[in-house]
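Peer 1: Starting from these lines, generate the structure:
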Amino acid sequence: YYKVIIESLQTSCDHDYVEYFKKVPNSSFLYTFGVVKLAAAFTIDITMEAQKTHKVLYKTENINGCAFLNNPLMSKVFDATYKSLVVNGSFFKCPIKPKVYYLQNKVLTPVVPSFHPAGRFQLTTRVKMSKSRHPFIMELLWKYKIVRL
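Peer 2: Take a look at the predicted model:
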């Protein structure tokens, strides 16, 4: 058995397609972001690395965002993570329309694969659009610790 301890979540955005991405005041785990331009197509990059050495343990790039949202089961690990982020079952649909959205920073322990080593890690998720001149429109950077019990 193991325990996941979230140490921090840093959020950032391009202030172009996504106007803001921040923690909801007086909330311990709710985050909000405002989409101001229609996002018809986007890709997702995910990188997991050790905090101290930055050794990459897992990396996947250019996941088709709309294909994933239409069928989250295309990846069991991402499906469980996505479901843990969604607030009140309000799943995203493509195209992502301009409005205010919410995510929750609650980790479901089963999300972590059993082969994940103990230690301190960071997981970076970047949402990118080819139409944007920025390297990403949204970024989430989790720092966390895995403790074997």
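
Peer 1: use CA for all of it now, contacts and neighbours both
Peer 2: OK.

Peer 1: show me what contacts residue 101?
Peer 2: 32-35 (Cα atoms under 8 Å, 6 or more residues apart in numbering).

Peer 1: from these, which would you call buried?
Peer 2: Applying a neighbour-count criterion of 16 or more other Cα atoms under 10 Å, the buried members of the contacts of residue 101 are 32-35.

Peer 1: Distance of residue 33 relative to residue 2?
Peer 2: From residue 33 across to residue 2, the span is 31 Å (Cα to Cα, to the nearest Å).

Peer 1: Okay, buried residues for the lowest-mean-pLDDT helix or strand in the chain please.
Peer 2: Sorting the helices and strands of the chain by mean pLDDT, DSSP states H and E puts helix 76-85 at the bottom, at a mean of 76. By neighbour count on 16+ other Cα under 10 Å, the buried set for helix 76-85 is 79-85.

Peer 1: Now do the strands in this protein.
Peer 2: All strands of the chain, identified by DSSP state E, fall at 2-13, 18-23, 30-35, 43-50, 56-64, 99-104, 119-128, 138-148.

Peer 1: pLDDT averaged over the fourth one - what is it?
Peer 2: Average pLDDT, strand 43-50: 94.

Peer 1: centroid residue for this protein?
Peer 2: Most central in the chain under Cα atoms, centre = their mean is residue 125, positioned 4.8 Å from the mean C-alpha point.
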